[in-house]
Structure formats: C-alpha cells, structure tokens
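Trainee: could you work out the structure for the sequence below:
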Amino acid sequence: MVTIPTEPIGSIPRPTELIGRVAQRGIEDAGLAPLFEEAVRDTIARLEAAGSPVVTDGEQRKYHNFATYCVHGLANTAPDGFTIAFADGHTRRLPRLVRGPFRYRHYADRYLDLALRYAHVPVKQAVISPSALSLLYPAQALPGYSREQFIDDLVREHETEIRRCLKTGAHRVQVDFTEGRLAVKVDPTGHLLNSFIDLNNLALTRFSAEERRRIGVHTCPGNDLDSTHSADVDYAELLPGLFELQAGNFYIALAGERDRRHVLGIIRKHLRADRRIFVGVIAPSDPRIETPEEVRERVLEASEYIPVEQLGTTDDCGFAPFFDNSATSRDTAFAKIRARVRGTAMAADLIGARP
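Mentor: Residues are numbered from 1 along each chain as shown. So this is what the prediction gives:
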C-alpha cells in the first residue's frame, strides 16, 4: 500500500471574536485565556475531522505573527525595524533591536503543550528561522553588543527552542524560512541568501542526523491579506541554496506557481536521497476551494519528478500568518485542508494501483 504523508504548514485564521477581543484588551489580558484555549481545541478538532494525519495548533496563540512571537514585547526592541513590502502595496514591519543581549521572550514549546493536550494524532510545531530574526539587528552596530555576539545568542536561542519542542513531543519541527525567496528579491547577487543559508546551518548542524529527520524547512513567497512579497522571484535562484540546508524535510510552496513543472525539475535536479519533499498542493491566497481531484492531479504531476517514497504534500503557506489577518475564513481554510487530505489519498491509491 502506497501512502503519501500530508501535513499542514501552520497558521489557521483565528476566530473573529478572538481577534476582536485581543484588539480591545491586548494580548496580555488573562481573561483571554479561555478564548485562546477554545480556539486551539476547535482548530485541532477540525483538522482531525478533515482527516489530517498530523495537526498543529493553527498558531492561534502566536502574537503578533509567525515571525516575532518569540520576541514580542521585549523591552530592548523598537517597532521601526525591517519593512516587508507586499505586492498589493501593504507592508509589515519587524521590530528593531536597540541594545543587547538578545533573548527570546517565549519559546514555541509553550504552544505545543496545549496542542498535545487536545490532539489524538501527531503534532508538529513551526518555529521562526534564525535568518528571519537576524533582520532585527540594525545596520549600524550596537554599542557594546556586536553583531557577532548577537549571532551567537540568536543561534543558541534557536537551538534551545527546537530542542525544547522535540523534548516536549513534537512530531516534527518546521523552521519557517519565508525570507529566503525575499532575500533574492532584496539582493539579486545572492549574497544575502547565502548568508541566510550559512546562518541557519550554524543552528541545524548542532543537531544529530536522527534529530534532523524530525526537522523541516518551509519556503514560500509570503502570504498576507492574499498577497505575496516575492512570488516574482524564480525558484531557480532559491532552491539550489535551499537544499544546502541540513534538514531532513522541505516544505515548498508550489500550487500558486505559474509553471509547476519548472520548479519540479529544479527539485529533481537537487534532490538528495535522505530528504522528503512536501510540495504545496493548496494555495491559501486563492479564495477558490480546490477540489480533491485537482489536488490528486498535482500530486501525480509531482510524482513524475520526486520518488514517491520521498514525496509529501502540504499547503503553500499558512492561512493567516499575521494575527489580524481575516482575509480567509476558517471554514475556507478547513475546506481546503480537507481537499488536500482527500486528494493526496486519491493520488496514493492510483500510484499504488500502477502495474
């Protein structure tokens, strides 16, 4: 029997009541705890009802977004950091470090604890990459706290976070690397991307081969308010470097690409035998709900390039990586996930029936 694993990326749109209450009261209001817990419980229940063999907490409690959950509220940051520009004209801004030392305020295992309480299937946990957080350090060196010191602290904190998640019981830890494709757009020479790859490998190489089989890297062109920040960058500029990362699993946005076979050809060229590739078969930024049959055909297409024993499926991106994002409804997100799960199983059945 052929099975093709399928996993969500992470974020699910939060309930509108939760978004509104947080906007009114702020994230630190203890009265929000029951709303957060119910959002996590409902997310996991609906993922399991959709047939998802692996679930997440939907990042319901990650505030303010998927990238800065671990540093939100740090006293040694200012709000005027690196700006991410999206194709539709809106922007998001990272915080800026104003003095050392750099420390996480929260580790992602705090989200995993609650998810494991409600889940009946394996739970994965997404964490942010060191390269994304490296953008917090300003261009001009901070007095008494060099960039080298910052990088040492950053890599240590990232390693600590992953180890805590693995110890807590994460089925897999997914490192979000959406800034990889953006790096090529910001610096077409590739120097920035290469520095990101080197930085992330500083952390990944601290783990054993067995541990790295439980670690994955996710790349996409961004997804916020149904817009992207780097979809115009050719994957040919990213994927060769991406596959230098010392991880066992790669989650690659593909459903939203204009030429999927072009991307699949690059993946085949650089694929190593010890990696699993989860290809995106659902486009979260597309309001139309894909059919299981469409997903099936995308999986069969990918199987022409990737050996089935190394193939998995996923969503291109999270559905709501920023807390206030309500561009996609929860019902739409779960309908798309059901289509992914069903379409993946249909493709596996067809592949298994081949003579």
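Trainee: what sits against Ala85?
Mentor: Thr91, His229 (Cβ atoms under 8 Å, 6 or more residues apart in numbering). Quick note: C-beta positions are derived from backbone N, CA and C, even for glycine.
Trainee: tell me the pLDDT at it?
Mentor: Per-residue confidence (pLDDT) for Ala85: 94.
Trainee: what is it paired to in the beta sheet?
Mentor: The bridge-partner assignment for Ala85, based on DSSP bridges, gives Thr91.
Trainee: quick one: it from Ser227, how far?
Mentor: Distance, Ala85 to Ser227, using Cβ to Cβ, to the nearest Å: 10 Å.
Trainee: and if you look at Ile266?
Mentor: Ile266 is 24 Å from Ser227, by Cβ to Cβ.
Trainee: quick one, which of those two is more surrounded?
Mentor: Neighbour comparison, Ile266 and Ser227: the larger count goes to Ile266, with 21 against 17 (by other Cβ atoms under 10 Å).
Trainee: my read: that one touches Tyr235, true?
Mentor: Yes - with contact defined as Cβ atoms under 8 Å, Ile266 reaches Tyr235; the gap is 5.8 Å.
Trainee: and the strands in the chain?
Mentor: Listed in chain order, the strands of the chain (DSSP state E) span 77-78, 83-85, 91-93, 96-97, 124-128, 172-176, 215-219, 249-252, 276-282, 311-315.
Trainee: any chance of these in TSV, with distance to Lys62 too?
Mentor: Putting the strands of the chain into TSV (distance: least, Cβ to Cβ, whole Å) gives the following:
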stretch	distance to Lys62
strand 77-78	17
strand 83-85	17
strand 91-93	14
strand 96-97	20
strand 124-128	8
strand 172-176	11
strand 215-219	15
strand 249-252	17
strand 276-282	20
strand 311-315	17
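Trainee: isn't Val295 right up against Thr344?
Mentor: Yes - between Val295 and Thr344 there is a contact at 6.4 Å, judged by Cβ under 8 Å.
Trainee: please enumerate the shared neighbours of those two.
Mentor: Val281, Thr313.
Trainee: flag every buried residue along the helix or strand bottoming out on mean pLDDT in the chain.
Mentor: Using mean pLDDT, DSSP states H and E, the weakest-scoring helix or strand in the chain turns out to be helix 16-25, at a mean of 88. Neighbour counts over helix 16-25 (16 or more other Cβ atoms under 10 Å) mark Leu18, Ile19, Arg21, Val22 as buried.
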